[in-house]
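**Student:** this is a predicted model, with the sequence first.
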Amino acid sequence: MRKTLYLLAVAGYVAFVAAAVQAQAPSVDRPNPGSSPGLSARFRLTSAPPLRGSGIGRAFRLAPASGPNLPVIGSGTAGRLTKWLGFNSINSLIGDSTIFEDKSGLVGIGTTTPTSRLTVAGVIESTGGFKFGDGTVQITAGLGSISHDLTLTGSGGSTSPLGVALPLNLVGPAPGQVLFVSNTSEGSGAISALGRGTGAGIRAQGGDSTGTQAGVGIITAGGFSLGSGGDGLQATGGDTDSSSGGTGVQAQGGQARSGGTAGTGVVAAGGRNNGGGPGGAGIVASAGIGFPDGPAGSFNGDVEVTGNLSKGAGSFKIDHPLDPANKYLYHSFVESPDMMNIYNGTVRLDSRGEATIELPDWFQALNRDFRYQLTCIGGFAPVYIAEEVGNNHFKISGGITGMKVSWQVTGVRQDAWANAHRIPVEEEKPGTERGYYLHPELYEQPLEKSIVRARHPELAARFSLR
């Protein structure tokens, strides 16, 4: 195999052109006297006359140590890498290769318009693989499809891209949560869910248990803020044109199948305020606007309140005893500025016109500041309280034998909770609520002056709060 290498000097620029000649090259490794330093003894550097029409002032020929010396002829295109095309009996031929480099250093193979450091027009074949910037090497071809479980759909190809399966079922053991979603964008939500038709936006069920407490359906917590803390849960029922609107939140506690305590439908706790201001409300509810307005809350069963209950008015509401199918009957609560208890009854006076009224053994432990009323029934007598409450009884005198007397005793609570939480009769509104009203419409004020809007401006902006 003989090889010819020509070295051309053009205006101080040296270009190397490699050519492989179909001839046997001598295997000589010892230095060749008269050759250029650093060159193998297989080649020699000789001077050559200028090439016609090449514009080259002087040329050098790097030829095999033995064999023909052929002049180099050919042409080229700016930006194209020159390659050896072969030879004939009188010349060695050069011309354009398929490799192109533009003035920005972008290289193209098979194209003169590269758009990257290396742009190839056509198929690239590798026998050793490809090495990437992270040091990994890929030596096998890309897969025609991607294996996956039922949480995904598609094969990953151009005609069948990967997608999330619907419905999406995530099942398997996982420490902590199966799904965790966090949005790092300021002011943006993490999850939004919208049902269609009668479908629920989100349905959640706590895990079952055989020996310990079962899981909670949904746990939410409002976000922390240096201003107002975020709401734990916001939910809006679906709209409808002619039927009933959807429920914003529907919750049911879990069953206790064999003993234990059944689960609570909703557990809510207001946010803690570490800055000295009031804490957040556990639940804020507003009546739906309509004709008439709906109730802010509806409870079917007993209601237990461990703190004070403040209200604009109070009553019982029952089916009317005389027309239960068609009417309701109301009675108002009896109000007092004191935390007052009322006790009453009737008694028959003895032969001396007296009676002792025995009270429960806890009476004096619970009450103080007693007040009395006595009324004779069926006649008149100057009855009076002969002995005030002591040792949980009091005594009536001044009547006649067998007279029936109606009595009433009131007392003010003095138990530990009442002593610690006396209800103020008058109270100044806090600064944030001044200028606002519990019922602004009764004072010819607009709804914007509602106390609810003062306490929960962020909710008033989203909901129609009274």
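**Tutor:** All right, it came through fine. Numbers count the residues shown, from 1 in each chain.

**Student:** quick one, helices of the protein?
**Tutor:** 363-366, 416-420, 451-455, 457-460 (DSSP state H).

**Student:** ok, which of the ones you listed comes nearest residue 260?
**Tutor:** Nearest to residue 260 among these is helix 416-420; the distance by CB to CB comes to 29.3 Å. (C-beta placed from N, C-alpha, C; glycine too.)

**Student:** in that closest one, which residues are buried?
**Tutor:** Residues of helix 416-420 include none that count as buried (16 or more other CB atoms under 10 Å).

**Student:** what helices and strands are in contact with that helix?
**Tutor:** Helices and strands touching helix 416-420, by 3 or more CB pairs under 8 Å, 6 or more residues apart in numbering; DSSP states H and E: there are none.

**Student:** need the residues that contact that helix.
**Tutor:** Here helix 416-420 makes contact (CB atoms under 8 Å, 6 or more residues apart in numbering) with residue 339.

**Student:** can you list the domains in this protein?
**Tutor:** The record's domain split for the chain, according to automatic domain parsing, is 2-119, 340-420, 431-460.

**Student:** endpoint to endpoint, the second one covers what distance?
**Tutor:** Domain 340-420 has its terminal residues 15 Å apart, counting by CA to CA, to the nearest Å.

**Student:** quick one: average pLDDT of it?
**Tutor:** The average of the pLDDT scores along domain 340-420 is 97.

**Student:** and that domain, how far out from the chain's middle?
**Tutor:** In terms of CA atoms, centre = their mean, to the nearest Å, the centre of domain 340-420 is found 63 Å from the chain centre.

**Student:** same deal with the shortest one?
**Tutor:** Between the centre of domain 431-460 and the centre of its chain there are 31 Å (CA atoms, centre = their mean).

**Student:** buried stuff in it?
**Tutor:** Using 16+ other CB under 10 Å as the test for burial, domain 431-460 gives 436-437, 440, 450-456, 460.

**Student:** repeat for stretch 348-356
**Tutor:** 349, 353-355.

**Student:** isn't residue 273 right up against residue 281?
**Tutor:** No: Residue 273 is beyond contact range of residue 281, at 11.6 Å (criterion: CB atoms under 8 Å).

**Student:** can you list residues touching both of these two?
**Tutor:** Common neighbours of residue 273 and residue 281 (CB under 8 Å, 6+ apart) do not exist.

**Student:** nearest to residue 296, of the buried residues of domain 431-460?
**Tutor:** residue 452 (9.7 Å).

**Student:** outside of stretch 342-352 itself, list whatever touches it.
**Tutor:** 334, 355, 357, 359, 363, 377, 383, 396-397, 399-411.

**Student:** I figured residue 182 hits residue 190, correct?
**Tutor:** Yes: here residue 182 lies in contact with residue 190, judged by CB under 8 Å, at a distance of 6.2 Å.

**Student:** quick one, strands of the stretch 301-450 of the chain?
**Tutor:** In the stretch 301-450 of the chain, the strands defined using DSSP state E, counting those that start in this stretch lie at 315-319, 328-332, 340-348, 355-358, 367-377, 384-390, 393-397, 404-413.

**Student:** residue 123 is nearest to which of those strands?
**Tutor:** strand 315-319 (84.2 Å).

**Student:** output the contacting helices and strands for the closest one.
**Tutor:** strand 328-332.

**Student:** next, the angle from the strand it packs on to strand 315-319.
**Tutor:** Between the axes of strand 328-332 and strand 315-319, defined by axes from the mean of the first three to the mean of the last three CA atoms, to 10 degrees, the angle is 160 degrees.

**Student:** so what does strand 328-332 touch, helix or strand wise?
**Tutor:** If you count contacts as 3+ CB pairs under 8 Å, 6+ apart, strand 328-332 packs onto strand 315-319.

**Student:** can you tell me the strand partners of the strand it packs on and which way each runs?
**Tutor:** With DSSP bridges as the test, strand 315-319 is paired with strand 328-332 (antiparallel).

**Student:** what residues does the strand it pairs with touch?
**Tutor:** 313-321.

**Student:** and the closest residue to residue 439 other than its chain neighbours, how many neighbours?
**Tutor:** In space, and not counting its chain neighbours, residue 439 is closest to residue 312: 7.1 Å by CB to CB, 6 or more residues apart in numbering. Neighbourhood size, residue 312 [other CB atoms under 10 Å]: 7.

**Student:** can I get the helices of the chain in a markdown table with distance to residue 263?
**Tutor:** Listed next are the helices of the chain as a markdown table, based on distance: least, CB to CB, whole Å:
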| stretch | distance to residue 263 |
| --- | --- |
| helix 363-366 | 35 |
| helix 416-420 | 28 |
| helix 451-455 | 30 |
| helix 457-460 | 27 |
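
**Student:** for residue 340, which of those helices is the nearest?
**Tutor:** Closest to residue 340 of these, according to CB to CB: helix 416-420, at 10.6 Å.

**Student:** just flag the most distant two among the buried residues of stretch 348-356.
**Tutor:** So, the buried residues of stretch 348-356 by CB to CB: farthest apart are 353 and 355, at 8.6 Å.

**Student:** quickly list what's touching both of those two.
**Tutor:** Contacts common to residue 353 and residue 355, judged by CB under 8 Å, 6+ apart, are residue 399.

**Student:** now the buried members of the contacts of stretch 342-352.
**Tutor:** Buried among the contacts of stretch 342-352 by 16+ other CB under 10 Å: 355, 357, 359, 363, 383, 396-397, 399, 403, 405, 407, 409-411.

**Student:** name the nearest of those relative to residue 109.
**Tutor:** Closest to residue 109, out of all of the buried ones among the contacts of stretch 342-352 and judged by CB to CB, is residue 411, at 102.7 Å.

**Student:** pretty sure the closest one is touching residue 341, no?
**Tutor:** Yes: at 5.3 Å, residue 411 and residue 341 qualify as touching, with contact defined as CB under 8 Å.

**Student:** need the overlap of contacts for these two.
**Tutor:** 366-367.

**Student:** which one is residue 138 nearest to, not counting chain neighbours?
**Tutor:** Leaving aside its sequence neighbours, residue 138 is closest to residue 130 (5.2 Å, by CB to CB, 6+ apart).

**Student:** that older thread, so between residue 182 and residue 190, which is more surrounded?
**Tutor:** Neighbour count, other CB under 10 Å: between residue 182 and residue 190, residue 190 has more, with 10 against 5.
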